[in-house]
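> build me a model from this:
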Amino acid sequence: MQTRAPKNHFIIIDGTQSRLDEGHETNAGILYKLLKEKHDPKTGSLWYDAGIQGHGLWNWATIASGLGINRTIRDAYAYLSTKYQTGDKIYLFGYSRGAYAVRSLAGMINNLGLLRKDKAIERLVRRAFTLYEFQSSPARMQTFSNANCRTDAVIEMVGVWDTVKALGLPYPLLCRLAPMATEFHNDRIGNPVRNGFQALALNETRTAYCPVLWHTDTHWTGHLEQVWFRGAHSDIGGHVWRDAKSRKLSNIPLVWMLERSELCGVKLPEGWRDRFPCDPHAPMIGSTRGIAKFFLFRKPRVRGKHPNEYVHHTVLEQNPDFKTALPIQNPAKT
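The predicted model follows:
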(Lines give C-alpha, C1' and ligand atoms only; values in the text may rest on other atoms or scores of the structure.)
Protein backbone atom coordinates (compact mmCIF):
# COMPACT_ATOMS: atom_id res chain seq x y z
CA MET A 1 0.00 0.00 0.00
CA GLN A 2 1.35 3.43 -0.98
CA THR A 3 1.96 5.51 2.15
CA ARG A 4 3.85 8.46 0.64
CA ALA A 5 4.27 10.44 -2.56
CA PRO A 6 6.22 8.68 -5.36
CA LYS A 7 10.01 9.02 -5.21
CA ASN A 8 12.89 8.83 -7.66
CA HIS A 9 15.72 6.45 -6.80
CA PHE A 10 19.16 7.00 -8.34
CA ILE A 11 21.86 4.34 -8.56
CA ILE A 12 25.25 5.45 -9.94
CA ILE A 13 28.12 2.96 -10.30
CA ASP A 14 31.44 4.41 -11.42
CA GLY A 15 34.34 2.80 -13.24
CA THR A 16 37.40 1.14 -11.74
CA GLN A 17 39.77 3.50 -9.90
CA SER A 18 37.30 6.40 -10.03
CA ARG A 19 37.52 9.31 -7.60
CA LEU A 20 35.31 12.17 -6.48
CA ASP A 21 38.18 14.58 -5.79
CA GLU A 22 37.69 17.96 -7.42
CA GLY A 23 38.87 17.76 -11.02
CA HIS A 24 39.26 13.97 -10.96
CA GLU A 25 35.59 13.06 -11.33
CA THR A 26 34.40 10.91 -14.20
CA ASN A 27 31.17 11.84 -15.95
CA ALA A 28 29.36 9.48 -13.58
CA GLY A 29 30.94 11.24 -10.61
CA ILE A 30 29.95 14.65 -11.95
CA LEU A 31 26.37 13.46 -12.37
CA TYR A 32 26.38 12.22 -8.78
CA LYS A 33 27.55 15.60 -7.49
CA LEU A 34 24.89 17.42 -9.52
CA LEU A 35 22.17 15.15 -8.15
CA LYS A 36 23.53 15.60 -4.64
CA GLU A 37 23.07 19.37 -4.96
CA LYS A 38 19.36 18.85 -5.60
CA HIS A 39 18.90 15.83 -3.36
CA ASP A 40 15.97 15.83 -0.97
CA PRO A 41 15.29 12.60 0.98
CA LYS A 42 11.61 13.48 0.89
CA THR A 43 11.49 13.12 -2.90
CA GLY A 44 14.08 10.46 -3.61
CA SER A 45 17.16 8.47 -2.72
CA LEU A 46 20.72 8.61 -4.07
CA TRP A 47 23.24 5.73 -4.02
CA TYR A 48 26.76 5.99 -5.44
CA ASP A 49 29.51 3.40 -5.71
CA ALA A 50 33.00 4.57 -6.67
CA GLY A 51 33.88 1.37 -8.45
CA ILE A 52 36.60 -1.07 -7.50
CA GLN A 53 39.63 0.62 -5.98
CA GLY A 54 43.05 -1.00 -6.50
CA HIS A 55 44.72 -0.25 -3.17
CA GLY A 56 46.33 -3.25 -1.53
CA LEU A 57 46.87 -6.79 -2.76
CA TRP A 58 43.34 -7.97 -1.94
CA ASN A 59 41.65 -5.19 -3.87
CA TRP A 60 43.87 -5.76 -6.89
CA ALA A 61 42.91 -9.43 -6.72
CA THR A 62 39.28 -8.35 -6.64
CA ILE A 63 39.81 -6.30 -9.78
CA ALA A 64 41.57 -9.22 -11.43
CA SER A 65 38.76 -11.67 -10.68
CA GLY A 66 35.90 -9.32 -11.50
CA LEU A 67 34.10 -10.57 -8.39
CA GLY A 68 33.83 -7.09 -6.89
CA ILE A 69 31.28 -6.14 -9.50
CA ASN A 70 29.01 -8.96 -8.33
CA ARG A 71 29.06 -7.60 -4.78
CA THR A 72 28.25 -4.12 -6.07
CA ILE A 73 25.25 -5.42 -8.01
CA ARG A 74 23.96 -7.26 -4.95
CA ASP A 75 24.39 -4.18 -2.76
CA ALA A 76 22.52 -1.96 -5.22
CA TYR A 77 19.75 -4.55 -5.58
CA ALA A 78 19.36 -4.77 -1.80
CA TYR A 79 19.29 -0.98 -1.51
CA LEU A 80 16.52 -0.61 -4.10
CA SER A 81 14.55 -3.43 -2.51
CA THR A 82 14.42 -1.52 0.77
CA LYS A 83 13.48 1.79 -0.88
CA TYR A 84 11.08 1.06 -3.73
CA GLN A 85 7.32 1.48 -3.44
CA THR A 86 4.65 1.29 -6.10
CA GLY A 87 4.67 4.44 -8.23
CA ASP A 88 8.37 5.20 -7.70
CA LYS A 89 10.86 5.52 -10.56
CA ILE A 90 14.37 4.10 -10.79
CA TYR A 91 17.27 5.75 -12.62
CA LEU A 92 20.46 3.78 -13.24
CA PHE A 93 23.76 5.30 -14.42
CA GLY A 94 27.22 3.83 -14.88
CA TYR A 95 30.58 4.11 -16.58
CA SER A 96 32.77 1.28 -17.90
CA ARG A 97 32.50 -1.65 -15.48
CA GLY A 98 29.92 0.40 -13.60
CA ALA A 99 27.87 0.57 -16.79
CA TYR A 100 27.97 -3.20 -16.99
CA ALA A 101 26.91 -3.36 -13.34
CA VAL A 102 23.82 -1.16 -13.71
CA ARG A 103 22.79 -2.98 -16.88
CA SER A 104 23.11 -6.27 -15.03
CA LEU A 105 21.10 -4.80 -12.15
CA ALA A 106 18.37 -3.89 -14.63
CA GLY A 107 18.50 -7.44 -15.99
CA MET A 108 18.14 -8.87 -12.51
CA ILE A 109 15.08 -6.70 -11.88
CA ASN A 110 13.68 -7.79 -15.24
CA ASN A 111 14.11 -11.49 -14.46
CA LEU A 112 13.02 -11.53 -10.82
CA GLY A 113 11.61 -8.18 -9.78
CA LEU A 114 12.77 -6.49 -6.57
CA LEU A 115 12.63 -8.24 -3.24
CA ARG A 116 9.78 -7.05 -1.08
CA LYS A 117 11.02 -4.84 1.73
CA ASP A 118 10.40 -7.48 4.40
CA LYS A 119 12.33 -10.01 2.29
CA ALA A 120 15.38 -7.81 1.64
CA ILE A 121 17.76 -9.83 3.79
CA GLU A 122 21.27 -10.92 2.82
CA ARG A 123 20.37 -14.59 2.34
CA LEU A 124 17.60 -13.83 -0.14
CA VAL A 125 19.65 -11.15 -1.91
CA ARG A 126 22.38 -13.74 -2.49
CA ARG A 127 19.83 -16.32 -3.58
CA ALA A 128 18.27 -13.90 -6.06
CA PHE A 129 21.68 -13.07 -7.47
CA THR A 130 22.62 -16.74 -7.80
CA LEU A 131 19.43 -17.44 -9.73
CA TYR A 132 20.27 -14.59 -12.09
CA GLU A 133 23.98 -15.44 -12.26
CA PHE A 134 23.44 -18.99 -13.41
CA GLN A 135 20.41 -18.17 -15.56
CA SER A 136 18.25 -20.65 -13.69
CA SER A 137 15.18 -22.09 -15.35
CA PRO A 138 12.21 -19.73 -15.77
CA ALA A 139 10.19 -21.97 -13.47
CA ARG A 140 12.72 -21.70 -10.62
CA MET A 141 13.00 -17.94 -11.01
CA GLN A 142 9.22 -17.59 -11.14
CA THR A 143 8.80 -19.64 -7.97
CA PHE A 144 11.34 -17.47 -6.14
CA SER A 145 9.80 -14.28 -7.50
CA ASN A 146 6.27 -15.27 -6.48
CA ALA A 147 7.40 -15.99 -2.93
CA ASN A 148 9.71 -13.05 -2.35
CA CYS A 149 9.51 -10.29 -4.96
CA ARG A 150 7.46 -7.46 -6.34
CA THR A 151 7.34 -7.16 -10.12
CA ASP A 152 5.98 -3.63 -10.51
CA ALA A 153 9.34 -1.81 -10.51
CA VAL A 154 9.70 0.88 -13.18
CA ILE A 155 13.18 1.75 -14.46
CA GLU A 156 12.61 5.13 -16.04
CA MET A 157 16.12 5.39 -17.45
CA VAL A 158 19.38 3.53 -17.80
CA GLY A 159 22.21 5.85 -18.88
CA VAL A 160 25.69 4.45 -19.47
CA TRP A 161 29.03 5.65 -20.75
CA ASP A 162 30.82 3.02 -22.86
CA THR A 163 29.85 -0.32 -21.37
CA VAL A 164 32.77 -2.73 -21.60
CA LYS A 165 33.07 -6.39 -20.77
CA ALA A 166 36.61 -6.12 -19.37
CA LEU A 167 35.58 -7.66 -16.08
CA GLY A 168 38.81 -9.56 -15.65
CA LEU A 169 42.16 -7.76 -15.63
CA PRO A 170 41.82 -4.73 -17.95
CA TYR A 171 45.59 -4.46 -18.35
CA PRO A 172 48.07 -5.30 -21.13
CA LEU A 173 48.57 -9.04 -21.73
CA LEU A 174 47.25 -9.90 -18.26
CA CYS A 175 43.70 -9.40 -19.51
CA ARG A 176 44.31 -12.52 -21.61
CA LEU A 177 45.37 -14.52 -18.56
CA ALA A 178 42.52 -13.63 -16.20
CA PRO A 179 39.17 -14.86 -17.52
CA MET A 180 36.12 -12.72 -16.94
CA ALA A 181 34.21 -13.70 -13.83
CA THR A 182 30.77 -12.60 -14.90
CA GLU A 183 29.94 -13.85 -18.37
CA PHE A 184 26.33 -14.43 -17.38
CA HIS A 185 25.12 -10.83 -17.57
CA ASN A 186 23.16 -10.53 -20.78
CA ASP A 187 23.11 -7.62 -23.22
CA ARG A 188 19.37 -7.29 -23.77
CA ILE A 189 17.35 -4.39 -22.48
CA GLY A 190 14.52 -5.57 -20.25
CA ASN A 191 10.82 -4.79 -20.08
CA PRO A 192 10.99 -2.62 -16.92
CA VAL A 193 13.32 -0.16 -18.72
CA ARG A 194 11.49 2.70 -20.40
CA ASN A 195 14.52 4.59 -21.75
CA GLY A 196 18.07 3.49 -22.48
CA PHE A 197 20.99 5.73 -23.50
CA GLN A 198 24.58 4.73 -24.18
CA ALA A 199 27.54 6.93 -25.18
CA LEU A 200 30.13 4.93 -27.16
CA ALA A 201 33.82 5.56 -27.87
CA LEU A 202 34.43 5.90 -31.59
CA ASN A 203 38.24 5.91 -31.32
CA GLU A 204 38.81 3.11 -28.82
CA THR A 205 40.79 0.21 -30.36
CA ARG A 206 41.86 -1.95 -27.40
CA THR A 207 40.21 -5.36 -27.76
CA ALA A 208 40.17 -5.69 -23.95
CA TYR A 209 37.72 -2.79 -23.99
CA CYS A 210 35.29 -4.27 -26.49
CA PRO A 211 31.97 -2.41 -26.16
CA VAL A 212 28.74 -4.11 -25.17
CA LEU A 213 25.80 -2.65 -27.06
CA TRP A 214 22.21 -3.30 -26.12
CA HIS A 215 20.07 -5.71 -28.09
CA THR A 216 16.30 -5.31 -28.10
CA ASP A 217 13.49 -7.81 -28.38
CA THR A 218 10.58 -7.13 -30.73
CA HIS A 219 8.13 -6.86 -27.83
CA TRP A 220 10.12 -4.14 -26.02
CA THR A 221 8.35 -0.78 -26.40
CA GLY A 222 10.82 1.63 -24.80
CA HIS A 223 13.15 4.24 -26.29
CA LEU A 224 16.83 3.48 -26.97
CA GLU A 225 19.75 5.55 -28.27
CA GLN A 226 23.31 4.28 -28.64
CA VAL A 227 25.45 7.15 -29.86
CA TRP A 228 29.07 7.21 -31.04
CA PHE A 229 31.22 10.13 -29.88
CA ARG A 230 34.76 11.12 -30.75
CA GLY A 231 37.20 9.78 -28.19
CA ALA A 232 38.53 6.63 -26.58
CA HIS A 233 37.07 4.88 -23.55
CA SER A 234 38.39 7.36 -20.97
CA ASP A 235 37.32 10.35 -23.06
CA ILE A 236 33.72 9.16 -23.19
CA GLY A 237 33.62 8.40 -19.47
CA GLY A 238 35.37 11.62 -18.45
CA HIS A 239 38.29 9.79 -16.83
CA VAL A 240 40.75 12.49 -17.86
CA TRP A 241 42.68 13.16 -14.60
CA ARG A 242 42.41 16.97 -14.47
CA ASP A 243 43.35 17.43 -18.12
CA ALA A 244 41.44 20.67 -18.68
CA LYS A 245 41.73 20.57 -22.47
CA SER A 246 40.54 16.97 -22.82
CA ARG A 247 37.77 17.66 -20.31
CA LYS A 248 36.04 19.79 -22.97
CA LEU A 249 35.83 16.74 -25.23
CA SER A 250 34.51 14.55 -22.41
CA ASN A 251 31.90 17.17 -21.63
CA ILE A 252 30.17 16.40 -24.94
CA PRO A 253 28.88 12.93 -23.92
CA LEU A 254 28.35 14.27 -20.40
CA VAL A 255 26.07 17.09 -21.56
CA TRP A 256 24.29 14.70 -23.94
CA MET A 257 23.51 12.33 -21.07
CA LEU A 258 22.40 15.14 -18.78
CA GLU A 259 20.06 16.45 -21.47
CA ARG A 260 18.56 12.97 -21.88
CA SER A 261 18.19 12.75 -18.12
CA GLU A 262 16.19 15.97 -18.01
CA LEU A 263 13.92 14.65 -20.76
CA CYS A 264 13.30 11.63 -18.53
CA GLY A 265 12.29 13.76 -15.58
CA VAL A 266 15.57 14.26 -13.71
CA LYS A 267 15.85 17.63 -11.96
CA LEU A 268 19.31 19.20 -12.28
CA PRO A 269 20.69 22.45 -10.82
CA GLU A 270 19.71 25.58 -12.70
CA GLY A 271 22.32 26.70 -15.22
CA TRP A 272 24.21 23.42 -15.15
CA ARG A 273 25.14 23.66 -18.86
CA ASP A 274 27.33 26.70 -18.22
CA ARG A 275 29.62 24.56 -16.06
CA PHE A 276 30.57 22.21 -18.89
CA PRO A 277 32.06 23.91 -21.97
CA CYS A 278 32.32 21.59 -24.95
CA ASP A 279 34.86 21.49 -27.77
CA PRO A 280 34.75 18.76 -30.45
CA HIS A 281 38.30 19.76 -31.46
CA ALA A 282 39.75 19.23 -27.97
CA PRO A 283 42.56 16.64 -27.68
CA MET A 284 41.72 13.07 -26.77
CA ILE A 285 43.17 11.31 -23.75
CA GLY A 286 43.02 8.35 -26.12
CA SER A 287 44.09 4.76 -25.66
CA THR A 288 47.83 5.22 -26.31
CA ARG A 289 48.97 7.19 -23.25
CA GLY A 290 50.55 5.78 -20.11
CA ILE A 291 49.85 2.10 -19.51
CA ALA A 292 47.31 2.14 -22.35
CA LYS A 293 50.08 2.18 -24.95
CA PHE A 294 51.15 -1.32 -23.90
CA PHE A 295 47.90 -2.91 -25.09
CA LEU A 296 49.06 -4.88 -28.12
CA PHE A 297 45.75 -6.37 -29.22
CA ARG A 298 43.78 -3.75 -31.08
CA LYS A 299 41.22 -3.38 -33.81
CA PRO A 300 38.62 -0.76 -34.76
CA ARG A 301 35.26 -1.10 -33.10
CA VAL A 302 32.42 -2.42 -35.23
CA ARG A 303 29.56 -0.01 -35.79
CA GLY A 304 26.15 -0.33 -37.39
CA LYS A 305 24.91 -3.70 -36.14
CA HIS A 306 21.97 -2.22 -34.25
CA PRO A 307 19.06 -0.11 -35.56
CA ASN A 308 19.33 2.33 -32.65
CA GLU A 309 22.92 3.46 -33.31
CA TYR A 310 23.79 7.05 -34.20
CA VAL A 311 26.87 9.18 -34.72
CA HIS A 312 26.88 12.42 -32.75
CA HIS A 313 27.01 15.53 -34.89
CA THR A 314 30.19 16.77 -33.18
CA VAL A 315 32.14 13.93 -34.84
CA LEU A 316 31.54 15.56 -38.22
CA GLU A 317 32.19 19.02 -36.83
CA GLN A 318 35.69 17.87 -35.93
CA ASN A 319 36.18 15.78 -39.09
CA PRO A 320 33.91 16.78 -42.00
CA ASP A 321 35.39 13.93 -44.07
CA PHE A 322 34.22 11.24 -41.65
CA LYS A 323 32.25 8.59 -43.54
CA THR A 324 29.46 6.61 -41.95
CA ALA A 325 26.26 4.89 -42.98
CA LEU A 326 24.77 5.54 -39.55
CA PRO A 327 22.31 8.39 -39.03
CA ILE A 328 23.74 11.58 -37.58
CA GLN A 329 22.23 12.67 -34.29
CA ASN A 330 21.79 16.42 -34.44
CA PRO A 331 21.19 18.69 -31.42
CA ALA A 332 17.44 18.91 -32.02
CA LYS A 333 16.91 15.14 -31.71
CA THR A 334 15.20 13.95 -28.52
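> in stretch 110-121, what's buried?
110-115, 119-120 (16 or more other CB atoms under 10 Å). To be clear about C-beta, it is placed using only N, CA and C from the backbone, and glycine gets the same treatment.
> tell me which of the residues you listed fall in helices.
Judged by DSSP state H, the buried residues of stretch 110-121 include 110-112 as members of helices.
> can you list the residues you listed in TSV and add pLDDT and distance to residue 30?
Formatted as TSV, these follow (pLDDT from 0 to 100; distance: CB to CB, whole Å):
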residue	pLDDT	distance to residue 30
110	96	28
111	95	31
112	97	32
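> wait, which of the residues you listed is closest to residue 71?
residue 112 (17.8 Å; CB to CB).
> next, format the buried residues of stretch 110-121 as JSON lines and append distance to residue 44.
As requested, the buried residues of stretch 110-121 are exported to JSON lines (distance: CB to CB, whole Å):
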{"residue": "110", "distance to residue 44": "22"}
{"residue": "111", "distance to residue 44": "25"}
{"residue": "112", "distance to residue 44": "23"}
{"residue": "113", "distance to residue 44": "20"}
{"residue": "114", "distance to residue 44": "16"}
{"residue": "115", "distance to residue 44": "20"}
{"residue": "119", "distance to residue 44": "23"}
{"residue": "120", "distance to residue 44": "18"}
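> ok, so of the residues you listed, who is nearest residue 254?
Comparing the buried residues of stretch 110-121 against residue 254 with CB to CB places residue 110 closest, at 27.3 Å.
> the closest one touches residue 190, doesn't it?
Yes. At 2.8 Å, residue 110 counts as touching residue 190 under the criterion of CB atoms under 8 Å.
> contacting residues around the nearest residue to residue 238 once chain neighbours are set aside?
Nearest residue to residue 238, sequence neighbours excluded (CB to CB, 6 or more residues apart in numbering): residue 27, at 3.6 Å. Neighbouring residues of residue 27 by CB atoms under 8 Å, 6 or more residues apart in numbering: 95, 161, 236-238, 250, 253-254, 257.
> what's the neighbour count on residue 239?
Residue 239 has 29 neighbours, counted by other CB atoms under 10 Å.
> which element, helix or strand, includes it?
Assigned by DSSP states H and E, residue 239 falls within no helix or strand.
> and it, what pLDDT?
With respect to pLDDT, residue 239 has a value of 92.
> how about residue 23?
Value for residue 23, per-residue pLDDT: 82.
> show me what residue 229 is bridged to.
residue 201 (DSSP bridges).
> that one and residue 253 touch, don't they?
Yes. At 4.8 Å, residue 229 and residue 253 qualify as touching, with contact defined as CB under 8 Å.
> so between these two, which is more surrounded?
residue 253 (29 against 24).
> with adjacent residues omitted, what lies nearest to the more buried one?
residue 199 is the one closest to residue 253 (CB to CB, 6+ apart), at 3.8 Å.
> could you do residue 149 as well?
Residue 149 sits nearest to residue 113 (CB to CB, 6+ apart), 3.7 Å away.
> pretty sure the one you found contacts residue 154?
No. With contact defined as CB under 8 Å, residue 113 does not count as touching residue 154 (11.5 Å).
> tell me the secondary structure at residue 197.
Per DSSP: H, G, I helix; E, B strand; the rest coil, the secondary structure class of residue 197 is strand.
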